[in-house]
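In: could you look at this predicted model? Sequence included:
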Amino acid sequence: MDGRIDNIPPTLPAAVTGMGCMAGGGTDVNSLWHNLVQAAVNCHPVPDYLFKTVLDYPVFAAPADCFSERARLLVAETAPEFKQESVSRTVLLTCSAVAEALQQAGVSSDYLRSVRVGIALGTTVGCTFHNEEYYSAWRNGLEPDLDPVQFYLAGNVASAMHRILGTSGPSAVITNACASGTDAIGVARNWLASGQCDIAIAGGADELSRVAYNGFVSLMLADKDPCRPFSKDRKGLNLGEGAGVVVLERQEASATRQCQPLGWVRGYGCAADAWHPTAPHPEGRGLKAALRQALRDCGDVKLLPALVNAHGTGTKANDKAETSALAEIFPKTEELVVVSTKGITGHTLGAAGGIEAILTLMALRAGQTPGTVGCREPDPELALMPVIQTENRQLSGRLGISQSLAFGGGNSALVLEAAS
Amino acid sequence: MTIPVIVSAIAQLPRDYVVPDELGRDLRRADAFIQMAVISAFAAITGLSADKLQPEEVGVFIGTAFGPLETNFESLGSLIDDGEGQISPTLFSHSVYNAAAGYVARLLDIRGPAMTITNYGWPFLIALEEARLAVASGRIGRAVVIGVETYSDLLADAYRRFFQVETVPWERSAVAWVLEPEGAAKGFCCLQGINLKEFEVEPADLLTRRGETMTGCGTVAELPRQPMAYVAALSKAVMSYDKLPQRCNCCSIEASFGLAEINLAR
Amino acid sequence: MQELKEQIKEMVVRDLKLQGVEPSEIDDNAPLFEEGLGLDSLDAVELVVLVQKHFDVQIEDMDEGQAAFKSINTLAEFIESRRTN
């Protein structure tokens, strides 16, 4: 089976030159990392500024004003006519994350306008029409003001970012549910490797939505308490919101700009369970395939990653399937360092892959990882032992994996390397 | 590594499609969006040889502008009518854009990448280019690429109000292409690459698509103002590729919202 | 109780969109999940919501749900016992 695929040379790595984030888990990358290290769990009832609800499942909400000062300054320069009220919360979250990442990469807006910029962003809620007032009024035969429809049509987050930055180049909004952010980074890296663009902004974003919130509650996947990934008696996930993006460049391009990479995207794999609309394959069949692809893609099928940032939502089904798959791909489980960071971010759907790629790189750069926040008593029935909350582990290398398992059965994995 | 990629099959599903009996049970919860994606995919791969390809070597790529919009609204309706905590989990889970790719993967046993991409302009072209890159790199041996739109009355009413018209020229449709490496199968032509450029427009222009025009091989045709018209036109051009003039190697599509160049070869 | 069972069967066929089976054809004792009607985990959470909507009975977690959903009989008994409380 693997004969043909094994002969493919690894794809060229992409340098990560900037990272940015605005989320319930942290209003920039440093505060996100700090919250992880401190196990600061910003998990509360849904704030009024988001939506009214009678349900008491807590969430990880970003601040009411999620449009950072950095974003304001960037957009004042690139799109002086821009009005905050004209774009969705998902776009505002994205702008904040992008502004931080571009600043870290040392990339000016003039430079961006002179090259081909690829923008690949994952989202789940950010592409939908979820204006309840408009829908209600329309259903009742009224003719409500058309602004919400214009708003919806202006809401493709990658197109919006190109518009706001004044850039041109490939543009894709990836809607692979929970794996979208991971896939967006893989897609952008492949664009760079095949010469579709010179620089890329990739990751994901999702605002909290009343519909999605209710949806996960009805699916009986949500916990009324802060989530406990990999734990015995875990009860489910908490939703979160945010945006996490990275700036990617071809190795030579970042060298030309005399920019030191923070790390590299070395491998990417994506595979479908082909199993069920909402439940993962019980043995993580698709995740295994995605991991094998990612390892082949990075050129080292025998790699034992120094760290695995798991999807680890805290649902019964996910954590079991995911750890089964990991134990099969990496049988020396006692050497495998597995964490979930959703205990401080919640499940941010389309943004998860972006935020978690950043957290993986931060840990690899630091040479150590905090334990899984929310996991104090791991489930003995899991196929491996994750790092629990009270532990901190030194990492034995600079290569790690960030993986995602999506609703609908998609699975994706990235092999990431931190610069020394 | 770049392997030349061919288009080996194209299937277009008409508006009044029928769910084949053998898929009835598996599609019982599926909405029209998912049904159309699945049935067009089945139609496209029928007749292609399946030997030598493992499920992990096949991928599915879906491009859509509006996704399962009607199901999205039914889901909203369920929330409004039934109150919180009682939204139908089936409706909600089927309102996420990638539900269709999940169904296609399961029913065709596709275990390679399953990718769903959305864009208001030419989502099928973005999906097609992602699929082409995946086959060209050797990562997969076959890609099923689907363009599907089912619209919704709410959006149609908005269209009527924006443009003061009585009729909305939309017809739901689905089209599935199959891409394979050259030599793996007989194909219509080679797909060499797609370049897309987006222009800033008034959001409502994305609905009307006025002026959307396809140029290629000596012909210029203004397309019917439908979000899937470009897919039908491109499919037609590719299916009749061997009848086109020898030098034909580029189709381009122009609209107020962008410019697309599709490079083809014999 | 018989009327309740009939209502449940109608609800199951209609709201779970079952194909090729009439409510009257469902055996009261037949397993609803795995074999029998072949319902799956998504149908299970849908049933929880349907039972709440149509019969005003809450199911707190899937352990409770699984026991109740074994067959039409067990579901009818479960609803009946919760309703009279």
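Out: Received it, and whenever you're ready, just let me know what you need. Numbers count the residues shown, from 1 in each chain, chains lettered A, B, ... in the order given.

In: could I get the full set of helices for the stretch 101-250 of chain B?
Out: Taking DSSP state H, counting those that start in this stretch, the helices of the stretch 101-250 of chain B run over residues B:123-136, B:153-163, B:205-208, B:229-239.

In: now these in a markdown table, with mean neighbour count?
Out: (Each C-beta comes from the backbone N, C-alpha and C, glycine too.) Converted to a markdown table, these look like this (neighbours: other C-beta atoms under 10 Å in any protein chain shown):
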| stretch | mean neighbour count |
| --- | --- |
| helix B:123-136 | 25 |
| helix B:153-163 | 17 |
| helix B:205-208 | 20 |
| helix B:229-239 | 21 |
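
In: go through the ones you listed and name the closest to chain C.
Out: Evaluated over the helices of the stretch 101-250 of chain B, closeness to chain C peaks at helix B:153-163, with 21.4 Å, by C-beta to the nearest C-beta.

In: just give the nearest non-adjacent residue to C:Asp61, would you?
Out: Spatial nearest neighbour of C:Asp61, chain neighbours left out: A:Met220 (7.3 Å); criterion: C-beta to C-beta, 6 or more residues apart in numbering or on different chains.

In: check contacts around the one you found.
Out: A:236, B:89, C:45, C:48, C:61-62 (C-beta atoms under 8 Å, 6 or more residues apart in numbering or on different chains).

In: secondary structure class of it, three-state.
Out: A:Met220 falls in the coil class when you classify it by DSSP: H, G, I helix; E, B strand; the rest coil.

In: got the contact list for residue 13?
Out: Unless you meant another one, I'm taking chain A. By C-beta under 8 Å, 6+ apart, the residues touching A:Pro13 are A:189, A:251, A:264-266, A:298, A:417.

In: actually, chain C is the one I wanted.
Out: C:21-23, C:26.

In: likewise B:Ile62?
Out: B:Ile62 neighbours (C-beta under 8 Å, 6+ apart): B:37, B:98, B:100-101, B:104, B:115-117, B:127, B:145-148.

In: let's go with 6 Å and repeat that
Out: Residues in contact with B:Ile62 (C-beta atoms under 6 Å, 6 or more residues apart in numbering or on different chains) are B:100-101, B:116, B:146.

In: hey, what's it bridged with?
Out: Beta-bridge partners recorded for B:Ile62 (DSSP bridges): B:Thr116, B:Ile146.

In: state the distance from A:Ala158 to A:Ala179.
Out: Relative to A:Ala179, A:Ala158 is positioned 17 Å away (C-beta to C-beta, to the nearest Å).

In: cool, A:Gly367 as well?
Out: With distances taken as C-beta to C-beta, A:Gly367 is found 28 Å from A:Ala179.

In: looking at the two, which one has more neighbours?
Out: Higher neighbour count among A:Gly367 and A:Ala179: A:Ala179, with 35 against 16, using other C-beta atoms under 10 Å in any protein chain shown.

In: what's the spacing between the strand or helix carrying B:Gly59 and its chain's center?
Out: Following DSSP states H and E, the helix or strand that holds B:Gly59 is strand B:58-64. Relative to its chain's centre, strand B:58-64 lies at 8 Å (C-alpha atoms, centre = their mean, to the nearest Å).

In: let me see the mean pLDDT of it.
Out: Taken as a whole, strand B:58-64 carries a mean pLDDT of 98.

In: and of the contacts of A:Met220, the nearest to B:Ile45?
Out: B:Pro89 (30.8 Å; C-beta to C-beta).

In: out of everything not next to it in sequence, what's closest to residue 224?
Out: Went with chain A since none was named. Closest residue to A:Lys224 apart from its sequence neighbours, by C-beta to C-beta, 6+ apart: A:Tyr57 at 5.5 Å.

In: switch to chain B, please.
Out: Leaving aside its chain neighbours, B:Pro224 sits nearest to B:Pro169 (6.2 Å; criterion: C-beta to C-beta, 6+ apart).
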